[in-house]
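A.B. asks: need coordinates for the below:
(chains A and B)
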Amino acid sequence: MTGQPPAPLHALGPLDLDIRQGEFFAVVGPSGCGKSTLLELIAGLTPATEGTIEFEGQPIAGEAPDGIGVVFQDDASLPWLNVADNVAFGLRRSSLPKDARDKRVHDVLKLVGLSDFSTSYPAQLSGGMRQRVCIARTLVMQPRLILLDEPFGALDQQTRLLMGDELLRMWRETAATVFLITHALDEATMLADRIGVMSARPGRIIDVVDTHWPRDRDSRIIEHAEFGAITARLWHTLRGESMKTIGRSLGGPENA
Amino acid sequence: MSRVAWYRVFVVGGAIALLEVLCLTGIIDKITMQAPHLIVRDLYRMLVSGRMNGAIMKTLGNTLLALGLALGVGIITGALLHRWRALRDTLDPLFATYYAVPVFAFYPFFIVVFGLGDLPQVLIAFMLGVVAVIVNTLNGLDRVPVVLLKTARIMRLSPIDTALRMTLPSAGPYLLTGVKLAVAYAFIGVIGSEFIMSRGGIGYEISFAYANFDNATMYPLIVLILLASVAINGVLSRWEQKLLARRGMR
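C.D. replies: Numbers count the residues shown, from 1 in each chain, chains lettered A, B, ... in the order given. Have a look, this model is predicted:
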């Protein structure tokens, strides 16, 4: 598939990628390589100019498919609703009776550790907690595929590690497929079953790394000897691409 | 009540008490102004007698009509301009200089065209308020985060649901600023027009009482206007504060 933002800029591809059901797939790539465009294509927010994207065998054509949830990098919590109403907002379209909805909201808040904050407003929460509200609002719809666009990009390193732990736990408990976009190599290594490495723009997948981590894992995996090796392999592949991007922004010879 | 609120009560109460003393001691003579407690008494008598009900209803009715028009036209125009970039860029400088225009200057012209009825007054009040609503609607819509609109698409909200459940609440506090201004302008437009030339209304009655040295009518009416505008503005400000506090923006 090939993607283009509204301005005629060749952003992506050619790119051929299969995500397996139930896996945790991460994509790393240099800035501006089209990672976010790739995510928007899968989410149905942007139509592909060439090629097709399929979800469960159905083509996605510029409309958000049912069963896909997205957590964006920017804070997407709704400041005029309290935490519980924020999460319930995702269920607006569902035909569930009220008590079943309340239970779903309650369960998801518990899953993301926000049970004690259900009547708080987003403004009263920290950035990490607001992002958990957004994750909860996505999870409550019980998506089969969760797309995460650098969801922890604005958080500090320690919070990120802990959020990673929670994300892994939620992934295990919900059995959903997770597709994570990140620029942090260690984050990709820690979280993913497989990592796709993207080239500089127009972004292509130039390497897919299998981490072989057990499903039951947490952030302590960074102590594992393999962790450094995998991160090193990612960087080995990425270094040249990142240099191209930097060269481009500095007006270097790659600016063709 | 907070300490600042007590100070406020103290300042206003002190000013009224000072006026009372100045009037009672004759430093302000009776022909210039009644003592505040007499104004309150006259206001009470006037409201009980009902002789100003017609004027009050006329002014309030026209103000509400002008306000409704300014809000309806202003919000819809703001929403359309937000979509239509080229037209917005064209009109932006006009909006920026609009409030340099003394709208009242058009009043005689409106009377010539529409006659000495309610329409010219409503039109003046509408013209005063509508641009404030447009500008604040645009400001509010500009501040709706793109990520919320993306979220609406992911949740597959219809365009109407997106407008009512995402855009409107997100832009709400800014829209409310426009509403507050429109309320003030509607009162100013209607009562000001009545002052200049009219066949009725609170503004007309004040001006009529003034011309006839009828202090027992003029001051109570002024106080009535004061109370009404402060009360409405107070309610709207409370609401605005609540919305902003919820968002940690107070």
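A.B. asks: and the residue nearest the centre of chain A?
C.D. replies: Geometric centre of chain A, nearest residue: A:Leu148, 1.6 Å, by CA atoms, centre = their mean.
A.B. asks: that one bridge partners, please.
C.D. replies: Bridge pairing for A:Leu148 (DSSP bridges) gives the partners A:Val71, A:Leu180.
A.B. asks: could you measure from it over to B:Trp6?
C.D. replies: Distance of A:Leu148 to B:Trp6, computed by CB to CB, to the nearest Å: 52 Å. Bear in mind the C-beta positions are built from the backbone N, C-alpha and C, glycine included.
A.B. asks: do the same with B:Ser158
C.D. replies: Taking CB to CB, one finds B:Ser158 at 50 Å from B:Trp6.
A.B. asks: ok, B:Phe109 next?
C.D. replies: 49 Å.
A.B. asks: ok, now B:Met33?
C.D. replies: For B:Met33 relative to B:Trp6 (CB to CB), the value is 28 Å.
A.B. asks: A:Gln142 now?
C.D. replies: If you go by CB to CB, the gap between A:Gln142 and B:Trp6 works out to 54 Å.
A.B. asks: of the two, who's got more company?
C.D. replies: The neighbour comparison of A:Gln142 against B:Trp6 (other CB atoms under 10 Å in any protein chain shown) goes to A:Gln142, with 16 against 10.
A.B. asks: tell me the contacts of the more buried one?
C.D. replies: By CB atoms under 8 Å, 6 or more residues apart in numbering or on different chains, the contact set of A:Gln142 is A:Thr174, A:Ala176.
A.B. asks: quick one: secondary structure of it?
C.D. replies: Assigned by DSSP: H, G, I helix; E, B strand; the rest coil, the conformation of A:Gln142 is coil.
A.B. asks: just the pLDDT at it, thanks.
C.D. replies: Looking at A:Gln142, its pLDDT reads 86.
A.B. asks: swap in A:Gly128?
C.D. replies: 85.
A.B. asks: SS state for it?
C.D. replies: A:Gly128 is classified as helix under three-state DSSP.
A.B. asks: from chain B, how far out is the closest residue to it other than its chain neighbours?
C.D. replies: Spatial nearest neighbour of A:Gly128, excluding adjacent residues (CB to CB, 6 or more residues apart in numbering or on different chains): A:Thr159 at 4.7 Å. If you measure A:Thr159 against chain B using CB to the nearest CB, to the nearest Å, the figure is 20 Å.
A.B. asks: identify the residues contacting the one residue in the stretch 1-150 of chain A that gets nearest to chain B.
C.D. replies: Across the stretch 1-150 of chain A, no residue is closer to chain B than A:Ala123, which sits at 3.1 Å (CB to the nearest CB). A:Ala123 sits next to A:Pro79, B:Arg246, B:Arg247, B:Gly248, B:Met249 when contact means CB under 8 Å, 6+ apart.
A.B. asks: now render those residues as TSV, adding secondary structure, pLDDT and neighbour count.
C.D. replies: As requested, the contacts of A:Ala123 are exported to TSV (DSSP: H, G, I helix; E, B strand; the rest coil; pLDDT from 0 to 100; neighbours: other CB atoms under 10 Å in any protein chain shown):
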residue	secondary structure	pLDDT	neighbour count
A:Pro79	coil	92	21
B:Arg246	helix	85	18
B:Arg247	coil	85	16
B:Gly248	coil	78	12
B:Met249	coil	72	11
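A.B. asks: go through those and name the one nearest A:Ser95.
C.D. replies: A:Pro79 (27.8 Å; CB to CB).
A.B. asks: how about the nearest residue to the closest one, chain neighbours excluded?
C.D. replies: Nearest one to A:Pro79, counting by CB to CB, 6+ apart, is B:Arg247 at 4.4 Å.
A.B. asks: measure stretch A:72-86 end to end?
C.D. replies: Chord length of stretch A:72-86, first to last residue, is 15 Å (CA to CA, to the nearest Å).
A.B. asks: need the residues that contact it.
C.D. replies: For stretch A:72-86, contacts defined as CB under 8 Å, 6+ apart pick out A:89, A:105, A:109, A:114, A:117-123, A:125, A:127, A:130-131, A:133-134, A:136-137, A:149-151, A:153-154, B:145-148, B:150-151, B:166, B:169-170, B:172, B:243, B:246-247.
A.B. asks: show the buried residues in the residues you listed.
C.D. replies: Buried subset of these (neighbour count, 16 or more other CB atoms under 10 Å in any protein chain shown): A:89, A:105, A:109, A:114, A:117-118, A:120-123, A:125, A:130-131, A:133-134, A:136-137, A:149-151, A:153, B:147-148, B:150-151, B:166, B:169-170, B:172, B:243, B:246-247.
A.B. asks: just checking, which of those belong to strands?
C.D. replies: Secondary structure from DSSP state E places A:Asp149 of the buried ones among the contacts of stretch A:72-86 in strands.
A.B. asks: quick one, helices of the chain?
C.D. replies: Unless you meant another one, I'm taking chain A. A:35-43, A:83-89, A:98-111, A:127-139, A:157-174, A:185-191, A:225-249 (DSSP state H).
A.B. asks: actually it's chain B I care about, not the one you picked
C.D. replies: Counting by DSSP H, chain B has helices at residues B:3-24, B:36-49, B:53-83, B:85-98, B:107-114, B:119-142, B:146-154, B:159-162, B:168-196, B:202-211, B:215-246.
A.B. asks: run through the chain and note the low-pLDDT ranges.
C.D. replies: You didn't say which chain, so I picked chain A. A:1-11, A:13, A:62, A:248-256 (pLDDT under 70).
A.B. asks: ah, I was thinking of chain B
C.D. replies: B:250.
A.B. asks: chain A contacts on that one?
C.D. replies: Within chain B, the positions near chain A by CB under 8 Å from any CB of the partner chain are B:145-148, B:150-151, B:153-157, B:161, B:165-166, B:169-170, B:172, B:243, B:246-249.
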